[in-house]
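Asks: Provided below for reference: sequence and predicted model.
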Amino acid sequence: MRPGRRGREGFYHYRQYSAIELATACTLEDVWALLIDGELPDPAGWSAFAAEIAPLRRIPDALRPLLPPIARDTGTSPLDGLRTALSLAGPIHGMRPLLDTDPATRRADALAACALTPTLLTALHRLRTGAEPVQPRDDLGYAANYLYMLTGREPEPAHARAIERYLISTIDHGFNASTFTARVIASTGADLAACLCGALGALSGPLHGGAPSRALDTLDAIGTPDRVDDWIRDRVLAGERIMGFGHPVYRTEDPRSRMLREIAGSLGGDLVDFAVTVERRVLELLAELKPGRELHTNVEFYAGVVMELCGLPREMFTPTFAASRVIGWCANVLEQAQDSKIIRPAARYVGPAPAQPVPATR
């Protein structure tokens, strides 16, 4: 297993390293190489890896003219368009079923998909807004390139690093819904593009990948500090979920949330101050209104704040999540492909006791 997390300890790791320490000390390319190849690269290895992935960022000639109609016809989100684009990119790249390929071919397919995903997402976004796609630059890293292709401007170093740390912290997180979906499809021997499209389908659900923008919507709905208590009380007493709080795994503070709070604080501003105030009061009110339940801030709350401060439009919050998680999906797919057994869980029947006679219907 490449990723791991220990929810009661508030700790998770990529291979043998703390994911938060990696996000603090490493580049995304370092962690990408770690998950795909098993080791953190030394400087020479980093340069070789960066040179290997740079040409893979470019959209294939056969795919480029297909993007405008995809962007036009999937009007809700670039994430929807990405599913279609990756379905087309698979055969264009020559991806074959995992069952019929060797490890080197699978690795090459994985690198191509991971490198191409940010370019496709930003191109689809720009086409939807009436702008032309921006070509990636070989001299920019993964996160800086993503912001550059999104806005057409070279990003501020602090913004690029903030997004890079966010991307590293969300590359993978155990057997979440999208990762498990990717592994199930991989276990059938399907090609890599099919695995990623299935994972994207799972990620598109608002309970999985859609929470960062919804958490920020909560701050907008509250509006001012004097409205926090009434707004939260009304929602909690009505049984509604407060986006950005609670996690199915962690029973302590989500370590990613702690890191993103620090990043947001380093960027500063009124939004950060308001978010800190809301977080404090939400946790106090949840403890009062839901005693005995361990509810903490999760990654989505401050992820939305950081992305907003770095200039990402909200419709790109979940696609940005996908731009990092695709690396984790691919690492899991490569691992699953080493096992030729299909994942076939058993189901427990809970209906009326069989066997009963079939009644006459006419």
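Replies: Sure thing, it's come through.

Asks: pLDDT score for residue 210?
Replies: Looking at residue 210, its pLDDT reads 61.

Asks: relative to residue 240, how far out is the residue minimising distance to the centre of the chain?
Replies: Compute the mean C-alpha point of the chain, and by Cα atoms, centre = their mean the closest residue is residue 321, 3.0 Å away. For residue 321, the distance to residue 240 equals 23 Å [Cβ to Cβ, to the nearest Å]. Any C-beta I mention is one placed from the backbone N, CA and C, and that applies to glycine too.

Asks: same question for residue 145.
Replies: Distance from residue 145 to residue 240, counting by Cβ to Cβ: 39 Å.

Asks: when those two are compared, which one has more neighbours?
Replies: Applying other Cβ atoms under 10 Å to residue 145 and residue 240 shows that residue 145 carries more neighbours, namely 25 against 10.

Asks: what's near enough to touch the residue nearest to that one when sequence neighbours are not counted?
Replies: For residue 145, ignoring the flanking residues on the chain, the nearest one in space by Cβ to Cβ, 6 or more residues apart in numbering is residue 136 at 5.1 Å. Going by Cβ atoms under 8 Å, 6 or more residues apart in numbering, residue 136 touches 54, 57, 58, 118, 119, 145, 148, 149.

Asks: please repeat the previous calculation with a cut-off of 10 Å.
Replies: 54-59, 115-116, 118-119, 122-123, 142, 145-146, 148-149 (Cβ atoms under 10 Å, 6 or more residues apart in numbering).

Asks: any chance of a ChimeraX selection covering the buried ones in those?
Replies: Of those, the buried ones go into a single ChimeraX selection, burial set by 16 or more other Cβ atoms under 10 Å:
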select :54,56,57,59,115,116,118,119,122,123,142,145,146,148,149
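
Asks: in helices only, show me the contacts of residue 136.
Replies: 115, 116, 118, 119, 122, 123, 142, 145, 146, 148, 149 (DSSP state H).

Asks: need those in JSON lines with distance to residue 362 and pLDDT, can you?
Replies: Shown next, in JSON lines, are the ones in helices among the contacts of residue 136 (distance: Cβ to Cβ, whole Å; pLDDT from 0 to 100):
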{"residue": "115", "distance to residue 362": "61", "pLDDT": "97"}
{"residue": "116", "distance to residue 362": "57", "pLDDT": "98"}
{"residue": "118", "distance to residue 362": "59", "pLDDT": "97"}
{"residue": "119", "distance to residue 362": "60", "pLDDT": "98"}
{"residue": "122", "distance to residue 362": "60", "pLDDT": "97"}
{"residue": "123", "distance to residue 362": "58", "pLDDT": "97"}
{"residue": "142", "distance to residue 362": "64", "pLDDT": "95"}
{"residue": "145", "distance to residue 362": "66", "pLDDT": "97"}
{"residue": "146", "distance to residue 362": "62", "pLDDT": "97"}
{"residue": "148", "distance to residue 362": "68", "pLDDT": "98"}
{"residue": "149", "distance to residue 362": "63", "pLDDT": "98"}
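
Asks: in CSV: those residues, plus distance to residue 181.
Replies: Putting these into CSV (distance: Cβ to Cβ, whole Å) gives the following:
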residue, distance to residue 181
115, 22
116, 20
118, 21
119, 23
122, 24
123, 25
142, 24
145, 27
146, 24
148, 31
149, 27
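
Asks: nearest to residue 191 among those residues?
Replies: Checking the ones in helices among the contacts of residue 136 against residue 191 with Cβ to Cβ, the nearest one is residue 116 at 14.7 Å.

Asks: surely the closest one and residue 54 touch.
Replies: No - the criterion here is Cβ atoms under 10 Å, and residue 116 misses it with residue 54 at 11.9 Å.

Asks: so where's the chain shaky on pLDDT?
Replies: Within the chain, the stretches with pLDDT under 70 are 1-11, 74-76, 209-212, 244, 246-253, 292-295.

Asks: domain-wise, how is it divided?
Replies: 16-207+315-336, 211-309 (automatic domain parsing).

Asks: need the winner for burial among those domains.
Replies: Across the domains of the chain, averaging neighbours per residue (mean count of other Cβ atoms under 10 Å) puts domain 16-207+315-336 on top, at a mean of 20.

Asks: between its first and last residues, how far does that domain reach?
Replies: Distance between the two ends of domain 16-207+315-336: 19 Å, counting by Cα to Cα, to the nearest Å.
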